[in-house]
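>>> here is a sequence together with a model predicted from it:
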Amino acid sequence: MNSQNNNSSSFRKEPDPRRLGREFAMQFLFQFDMNADFDGKNLEYFWTQLDESGVYPHNRLFRKSKEFAEKLIKGSIEKKTETDEVIAKFATKWKIDRMAIVDRNILRIATYEMLNCPEIPPVVSINEAVEIAKSFGGDESSSFVNGILNAIKDTLNRPAREAAPNK
């Protein structure tokens, strides 16, 4: 066996903590959306269940992902009315409450990011949302999410491919 192939096949890129954080946020918001009785204790329970599952080792990646996920979760819940209004403007044939729950929450997270996280370029938010839709959504989810988010991006007053400068 070629040693170059052996080395490259054993090399695994560590997952991006922000991607994992977005996935965690979508999973929590899915549960939140399904249960009107959710509150802050449910977020603690969510993390406990994730930790106890043993799927994710409690390491630096997990901590960074959790920190980013909590920012997205809290922001998405806090700004839900605002983000839902923006999404509704561009989802002309879909009412928010009739969308697939996964798609709806992916859209909420990405829209929240584009409107409230100037350190993240809008195209990054869109790309991440589309990739998560491919993994967690239905067959048409990624196209649906991409179409709505690109329309939202086109209305923003900032460059699509750059983070906003720190003020």
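Perfect, I can see it now.

>>> every contact and neighbour count from this point should use C-alpha atoms.
Fine.

>>> which SS class is residue 92?
coil (DSSP: H, G, I helix; E, B strand; the rest coil).

>>> got a list of contacts for stretch 121-139?
19, 23, 102-103, 106-107, 110, 113-114, 141-143, 145-146, 149-150, 153, 159-164 (Cα atoms under 8 Å, 6 or more residues apart in numbering).

>>> keep only those of these that are in helices.
Judged by DSSP state H, the contacts of stretch 121-139 include 19, 23, 102-103, 106-107, 110, 113-114, 141-143, 145-146, 149-150, 153 as members of helices.

>>> from those residues, keep the buried residues only.
Neighbour-count burial (16 or more other Cα atoms under 10 Å) applied to the ones in helices among the contacts of stretch 121-139 gives 19, 23, 102-103, 106-107, 110, 113-114, 141-142, 145-146, 149-150, 153.

>>> which of the residues you listed sits closest to residue 75?
residue 113 (8.8 Å; Cα to Cα).

>>> helices along the protein, start to end?
Using DSSP H, helices in the chain cover 3-10, 17-34, 40-53, 60-78, 80-90, 101-116, 122-136, 141-153.

>>> pick the most buried one from the ones you listed.
Most buried of the helices of the chain, by mean neighbour count (mean count of other Cα atoms under 10 Å): helix 101-116, with a mean of 24.

>>> ok, residue 29 - contacts?
73, 105.

>>> now do it against residue 103, distance only.
According to Cα to Cα, to the nearest Å, residue 29 stands 11 Å off from residue 103.
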